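Peer 1: Just a sequence and a predicted model for now, questions to come.
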Amino acid sequence: MANPWAGEVELVIDGAPRAMKLTLGALAELEASLGAGSLVELVERFEAGRFSSRDVLAVIVAGLRGGGWQGSAADLTAAEIAGGPLQAARAAAALLVRAFALPGEEEGAG
């Protein structure tokens with residue numbers, strides 16, 4: 001089970017629950033994978049509902065890596081995510097919120 005006080009978000013991938021977390025290293029990897037732009041711009045896109053599937057995938061991969069996973073984005077292309085793309089987007093948004101807020105300060109992060 002994910003620990004929100006540690007900034008973790010759970011996502012079930014191929015039937016296995018995985019705790020994701022945006023550590024400093026994972027955030028740096030996320031910035032690098034997105035190329036131009038900043039994390040602030042990414043957060044703004046999520047807040048405005050203007051994020052892409054590439055954004056969601058990048059956040060999920062970074063969060064999984066922060067949780068100790070050793071895979072790559074290519075490993076997720078055939079993976080089954082419980083709740084589908086919508087749940088993946090919700091988990092990505094929750095990861096961003098939890099990376100920059102304490103539990104209780106979040107709005108709708110899950």
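Peer 2: Cool, the structure landed.

Peer 1: quick one, helices of the chain?
Peer 2: 24-34, 39-48, 53-66, 73-76, 84-100 (DSSP state H).

Peer 1: pull the CA atoms of the shortest one into PDB?
Peer 2: Translated: helix 73-76. Taking Å, rounded to 0.1, in the frame of the first residue of the first chain, the C-alpha atoms of helix 73-76 are listed here in PDB:
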ATOM      1  CA  ALA A  73       8.600   3.300 -20.900                       C
ATOM      2  CA  ALA A  74       8.700   0.600 -23.500                       C
ATOM      3  CA  ASP A  75       7.900  -2.000 -20.800                       C
ATOM      4  CA  LEU A  76       4.600  -0.300 -20.100                       C
END
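
Peer 1: Stretch 47-58: how far from the chain's middle?
Peer 2: 10 Å (Cα atoms, centre = their mean, to the nearest Å).

Peer 1: CA-only coordinates of that stretch in PDB, if you can.
Peer 2: Taking Å, rounded to 0.1, in the frame of the first residue of the first chain, the C-alpha atoms of stretch 47-58 are listed here in PDB:
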ATOM      1  CA  GLU A  47      -4.200  21.500 -13.800                       C
ATOM      2  CA  ALA A  48      -5.700  22.800 -17.000                       C
ATOM      3  CA  GLY A  49      -6.400  19.300 -18.300                       C
ATOM      4  CA  ARG A  50      -4.100  19.900 -21.300                       C
ATOM      5  CA  PHE A  51      -1.700  17.000 -20.700                       C
ATOM      6  CA  SER A  52      -0.800  14.500 -23.300                       C
ATOM      7  CA  SER A  53      -0.500  10.700 -23.000                       C
ATOM      8  CA  ARG A  54       3.300  11.300 -23.300                       C
ATOM      9  CA  ASP A  55       3.100  13.500 -20.200                       C
ATOM     10  CA  VAL A  56       1.200  10.800 -18.300                       C
ATOM     11  CA  LEU A  57       3.600   8.100 -19.400                       C
ATOM     12  CA  ALA A  58       6.700  10.200 -18.400                       C
END
